[in-house]
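A.B. asks: Sharing a sequence plus its predicted fold:
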Amino acid sequence: MLAVQSAAFDPGQVLNEFTAKVGNSGAVVSFTGLVRDDTGDLKHMQIEHYPGMTEKAIGAMMDKAQARWNLTECTVIHRYGELAPNEVIMMVATAASHRVEAFEAADYLMDYLKSCAPFWKKEVSHSGDIWVASKQADEEALNRW
Amino acid sequence: MQVEVLYFAWVRERIGLPREMVETTATDVAGLVKELQTREERYALAFSDLSALRVAIDQELTDFDAPLKGAREVAFFPPMTGG
(Lines give C-alpha, C1' and ligand atoms only; values in the text may rest on other atoms or scores of the structure.)
Protein backbone atom coordinates (compact mmCIF):
# COMPACT_ATOMS: atom_id res chain seq x y z
CA MET A 1 0.00 0.00 0.00
CA LEU A 2 1.32 3.43 -0.92
CA ALA A 3 -0.11 6.73 0.30
CA VAL A 4 1.22 10.24 -0.31
CA GLN A 5 -0.97 12.52 1.75
CA SER A 6 -1.10 15.73 3.75
CA ALA A 7 -3.32 14.22 6.45
CA ALA A 8 -1.85 13.00 9.72
CA PHE A 9 -2.00 9.26 10.43
CA ASP A 10 -1.62 7.01 13.43
CA PRO A 11 1.45 4.77 12.91
CA GLY A 12 0.25 2.35 15.59
CA GLN A 13 -3.03 1.80 13.80
CA VAL A 14 -1.28 1.44 10.44
CA LEU A 15 1.09 -1.14 11.90
CA ASN A 16 -1.75 -3.11 13.51
CA GLU A 17 -3.72 -3.20 10.26
CA PHE A 18 -0.57 -4.13 8.34
CA THR A 19 0.28 -6.94 10.75
CA ALA A 20 -3.30 -8.25 10.59
CA LYS A 21 -3.10 -8.78 6.82
CA VAL A 22 0.36 -10.34 6.46
CA GLY A 23 -0.87 -13.80 7.42
CA ASN A 24 1.89 -16.36 7.88
CA SER A 25 4.76 -13.94 7.23
CA GLY A 26 6.73 -14.47 10.41
CA ALA A 27 8.48 -11.08 10.42
CA VAL A 28 7.26 -7.48 10.34
CA VAL A 29 9.58 -4.47 10.49
CA SER A 30 8.48 -0.84 10.58
CA PHE A 31 10.19 2.54 10.62
CA THR A 32 8.53 5.83 11.53
CA GLY A 33 10.13 9.20 10.75
CA LEU A 34 9.30 12.28 12.86
CA VAL A 35 9.92 16.00 12.48
CA ARG A 36 13.07 16.73 14.48
CA ASP A 37 13.78 20.12 16.04
CA ASP A 38 17.54 20.27 16.61
CA THR A 39 17.67 23.91 17.68
CA GLY A 40 14.41 24.32 19.61
CA ASP A 41 13.62 27.12 17.19
CA LEU A 42 11.53 25.23 14.61
CA LYS A 43 8.03 26.51 13.91
CA HIS A 44 7.21 23.80 11.38
CA MET A 45 8.55 21.73 8.52
CA GLN A 46 7.18 22.50 5.06
CA ILE A 47 7.35 19.45 2.81
CA GLU A 48 6.91 19.88 -0.94
CA HIS A 49 6.67 17.07 -3.48
CA TYR A 50 6.20 16.40 -7.18
CA PRO A 51 2.70 14.92 -7.52
CA GLY A 52 2.75 12.08 -10.03
CA MET A 53 6.49 11.49 -9.95
CA THR A 54 6.39 10.84 -6.19
CA GLU A 55 3.93 7.98 -6.56
CA LYS A 56 5.79 6.53 -9.57
CA ALA A 57 9.21 6.71 -7.90
CA ILE A 58 8.06 5.17 -4.63
CA GLY A 59 6.00 2.52 -6.45
CA ALA A 60 9.12 1.48 -8.39
CA MET A 61 11.18 1.22 -5.17
CA MET A 62 8.46 -0.89 -3.54
CA ASP A 63 8.31 -3.23 -6.55
CA LYS A 64 12.09 -3.71 -6.39
CA ALA A 65 12.06 -4.34 -2.64
CA GLN A 66 9.16 -6.74 -2.95
CA ALA A 67 10.95 -8.80 -5.61
CA ARG A 68 14.44 -8.71 -4.10
CA TRP A 69 13.46 -9.69 -0.54
CA ASN A 70 10.40 -11.71 -1.44
CA LEU A 71 8.14 -9.55 0.73
CA THR A 72 4.62 -10.67 1.47
CA GLU A 73 3.51 -7.08 2.09
CA CYS A 74 4.99 -3.63 2.00
CA THR A 75 3.55 -0.24 2.98
CA VAL A 76 4.86 3.30 2.53
CA ILE A 77 3.03 6.39 3.79
CA HIS A 78 4.67 9.80 3.29
CA ARG A 79 3.16 13.15 4.18
CA TYR A 80 3.61 16.57 2.62
CA GLY A 81 2.52 20.06 3.65
CA GLU A 82 3.02 21.79 6.98
CA LEU A 83 4.17 19.53 9.85
CA ALA A 84 4.81 20.57 13.45
CA PRO A 85 7.83 19.38 15.48
CA ASN A 86 7.50 15.72 16.58
CA GLU A 87 4.73 15.03 14.06
CA VAL A 88 4.95 11.81 12.06
CA ILE A 89 6.32 12.48 8.55
CA MET A 90 6.41 9.01 7.11
CA MET A 91 6.33 5.31 7.74
CA VAL A 92 7.61 2.15 6.09
CA ALA A 93 6.47 -1.37 6.98
CA THR A 94 7.70 -4.62 5.46
CA ALA A 95 6.67 -8.22 6.02
CA ALA A 96 8.64 -11.32 5.03
CA SER A 97 9.19 -14.89 6.13
CA HIS A 98 12.31 -14.00 8.12
CA ARG A 99 13.59 -10.92 9.91
CA VAL A 100 16.71 -10.35 7.78
CA GLU A 101 14.62 -9.84 4.65
CA ALA A 102 12.15 -7.57 6.43
CA PHE A 103 14.93 -5.44 8.01
CA GLU A 104 16.96 -5.16 4.81
CA ALA A 105 13.95 -4.26 2.68
CA ALA A 106 12.91 -1.53 5.15
CA ASP A 107 16.48 -0.17 5.21
CA TYR A 108 16.63 -0.19 1.40
CA LEU A 109 13.30 1.62 1.14
CA MET A 110 14.45 4.26 3.63
CA ASP A 111 17.69 4.87 1.72
CA TYR A 112 15.80 5.24 -1.55
CA LEU A 113 13.08 7.43 -0.05
CA LYS A 114 15.77 9.80 1.27
CA SER A 115 17.47 10.38 -2.06
CA CYS A 116 15.17 9.21 -4.86
CA ALA A 117 11.64 10.23 -3.88
CA PRO A 118 10.91 13.81 -4.99
CA PHE A 119 10.32 15.46 -1.62
CA TRP A 120 11.95 18.65 -0.38
CA LYS A 121 11.92 19.83 3.21
CA LYS A 122 12.04 23.39 4.37
CA GLU A 123 12.58 24.24 8.04
CA VAL A 124 10.52 27.28 8.96
CA SER A 125 12.05 28.73 12.12
CA HIS A 126 11.64 31.87 14.19
CA SER A 127 15.05 32.94 12.90
CA GLY A 128 14.22 32.31 9.20
CA ASP A 129 13.55 29.61 6.61
CA ILE A 130 16.06 27.11 5.33
CA TRP A 131 15.81 24.33 2.73
CA VAL A 132 17.20 21.12 4.18
CA ALA A 133 20.28 20.19 2.14
CA SER A 134 20.74 16.61 1.01
CA LYS A 135 23.67 14.85 2.62
CA GLN A 136 26.33 13.29 0.46
CA ALA A 137 26.24 10.32 2.82
CA ASP A 138 22.58 9.78 1.91
CA GLU A 139 23.31 9.52 -1.81
CA GLU A 140 26.37 7.35 -1.09
CA ALA A 141 24.21 5.04 1.03
CA LEU A 142 22.55 3.89 -2.21
CA ASN A 143 25.82 2.19 -3.19
CA ARG A 144 25.17 -0.33 -0.45
CA TRP A 145 22.42 -1.82 -2.56
CA MET B 1 8.81 22.33 -29.68
CA GLN B 2 6.79 23.22 -26.62
CA VAL B 3 7.53 21.68 -23.27
CA GLU B 4 6.15 22.25 -19.81
CA VAL B 5 8.91 23.15 -17.37
CA LEU B 6 8.41 22.60 -13.65
CA TYR B 7 10.44 23.97 -10.75
CA PHE B 8 10.51 22.74 -7.16
CA ALA B 9 11.85 23.89 -3.78
CA TRP B 10 14.42 26.73 -3.97
CA VAL B 11 14.51 26.54 -7.77
CA ARG B 12 10.79 27.44 -7.77
CA GLU B 13 11.40 30.21 -5.25
CA ARG B 14 14.31 31.72 -7.22
CA ILE B 15 12.44 31.68 -10.50
CA GLY B 16 9.18 32.70 -8.87
CA LEU B 17 7.03 30.18 -10.76
CA PRO B 18 6.00 26.56 -10.15
CA ARG B 19 5.60 25.77 -13.89
CA GLU B 20 5.47 27.34 -17.33
CA MET B 21 5.17 26.40 -21.00
CA VAL B 22 8.45 26.97 -22.81
CA GLU B 23 9.05 27.16 -26.56
CA THR B 24 12.47 25.66 -27.20
CA THR B 25 14.79 24.73 -30.06
CA ALA B 26 17.07 22.76 -27.74
CA THR B 27 17.65 19.07 -28.45
CA ASP B 28 18.74 18.11 -24.94
CA VAL B 29 18.29 19.22 -21.34
CA ALA B 30 21.61 21.10 -21.29
CA GLY B 31 20.45 23.12 -24.32
CA LEU B 32 17.18 23.97 -22.61
CA VAL B 33 19.09 25.09 -19.51
CA LYS B 34 21.27 27.37 -21.67
CA GLU B 35 18.16 28.97 -23.18
CA LEU B 36 16.63 29.49 -19.75
CA GLN B 37 19.87 30.90 -18.30
CA THR B 38 19.94 33.68 -20.86
CA ARG B 39 16.34 34.74 -20.21
CA GLU B 40 16.63 36.80 -17.04
CA GLU B 41 18.78 37.21 -13.96
CA ARG B 42 16.49 35.02 -11.82
CA TYR B 43 16.91 32.12 -14.26
CA ALA B 44 20.67 32.64 -14.44
CA LEU B 45 20.75 32.54 -10.65
CA ALA B 46 18.63 29.39 -10.37
CA PHE B 47 20.76 27.58 -12.97
CA SER B 48 24.17 28.92 -11.89
CA ASP B 49 25.38 25.62 -10.39
CA LEU B 50 24.10 22.56 -12.22
CA SER B 51 25.83 20.22 -9.76
CA ALA B 52 23.24 21.44 -7.21
CA LEU B 53 20.35 20.49 -9.51
CA ARG B 54 18.61 17.34 -10.60
CA VAL B 55 16.36 16.92 -13.64
CA ALA B 56 13.44 14.68 -14.52
CA ILE B 57 11.84 14.18 -17.94
CA ASP B 58 8.23 13.05 -17.85
CA GLN B 59 8.61 12.25 -14.15
CA GLU B 60 11.68 10.02 -14.56
CA LEU B 61 15.01 11.13 -13.11
CA THR B 62 17.56 11.68 -15.89
CA ASP B 63 20.80 13.53 -16.78
CA PHE B 64 21.52 16.92 -18.28
CA ASP B 65 22.68 15.32 -21.54
CA ALA B 66 19.35 13.51 -22.01
CA PRO B 67 17.55 14.23 -25.31
CA LEU B 68 14.35 16.31 -25.17
CA LYS B 69 12.69 14.58 -28.11
CA GLY B 70 9.13 13.66 -27.23
CA ALA B 71 9.34 15.18 -23.73
CA ARG B 72 6.13 16.70 -22.39
CA GLU B 73 7.37 17.70 -18.96
CA VAL B 74 10.85 18.69 -17.74
CA ALA B 75 11.35 19.31 -14.02
CA PHE B 76 14.29 20.97 -12.27
CA PHE B 77 14.87 20.63 -8.56
CA PRO B 78 17.54 20.33 -5.85
CA PRO B 79 18.66 16.91 -4.60
CA MET B 80 15.71 15.21 -2.93
CA THR B 81 15.28 15.07 0.83
CA GLY B 82 12.56 12.54 1.50
CA GLY B 83 12.16 10.19 4.42
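C.D. replies: Perfect, thanks for sending it. Numbers count the residues shown, from 1 in each chain, chains lettered A, B, ... in the order given.

A.B. asks: the strands in chain A, which residues?
C.D. replies: Here chain A has its strands, by DSSP state E, at A:2-5, A:27-34, A:42-49, A:73-79, A:81-83, A:88-96, A:119-125, A:128-131.

A.B. asks: What is the fourth one packed up against?
C.D. replies: Okay, so that is strand A:73-79. On a contact count with 3 or more C-beta pairs under 8 Å, 6 or more residues apart in numbering or on different chains; DSSP states H and E, strand A:73-79 meets strand A:2-5, helix A:11-21, helix A:53-68, strand A:88-96, helix A:99-116. Yep, even glycine has a C-beta here, placed from its N, CA and C like the rest.

A.B. asks: now the angle between strand A:119-125 and the last one, please.
C.D. replies: Okay, so that is helix A:99-116. 70 degrees (axes from the mean of the first three to the mean of the last three C-alpha atoms, to 10 degrees).

A.B. asks: Show me which helix or strand of chain A is least confident by mean pLDDT.
C.D. replies: helix A:136-141 (a mean of 85; mean pLDDT, DSSP states H and E).

A.B. asks: how far is that helix from where the chain is centred?
C.D. replies: Remark: helix A:136-141 is offset 16 Å from the chain centroid, using C-alpha atoms, centre = their mean, to the nearest Å.

A.B. asks: count of residues packed around A:Ala137?
C.D. replies: 8 (other C-beta atoms under 10 Å in any protein chain shown).

A.B. asks: Check the spacing between it and B:Ala52 real quick.
C.D. replies: 17 Å (C-beta to C-beta, to the nearest Å).

A.B. asks: buried ones in the least confident helix or strand of chain A?
C.D. replies: A:138, A:141 (16 or more other C-beta atoms under 10 Å in any protein chain shown).

A.B. asks: and that helix, what does it pack onto?
C.D. replies: Partner elements for helix A:136-141 (3+ C-beta pairs under 8 Å, 6+ apart): helix A:99-116.

A.B. asks: The helix it packs on near chain B anywhere?
C.D. replies: Yes: using C-beta under 8 Å from any C-beta of the partner chain, helix A:99-116 reaches chain B at A:110, A:113-116.

A.B. asks: wait, A:Cys74 sits on A:Glu101?
C.D. replies: No: between A:Cys74 and A:Glu101 there is no contact under C-beta atoms under 8 Å: 11.0 Å.

A.B. asks: tell me, what's touching these two both at once?
C.D. replies: A:Thr94 (C-beta atoms under 8 Å, 6 or more residues apart in numbering or on different chains).

A.B. asks: near chain A, which residues of chain B?
C.D. replies: Going by C-beta under 8 Å from any C-beta, the residues of chain B near chain A are B:6, B:8-10, B:12, B:56, B:59-61, B:75, B:77-83.
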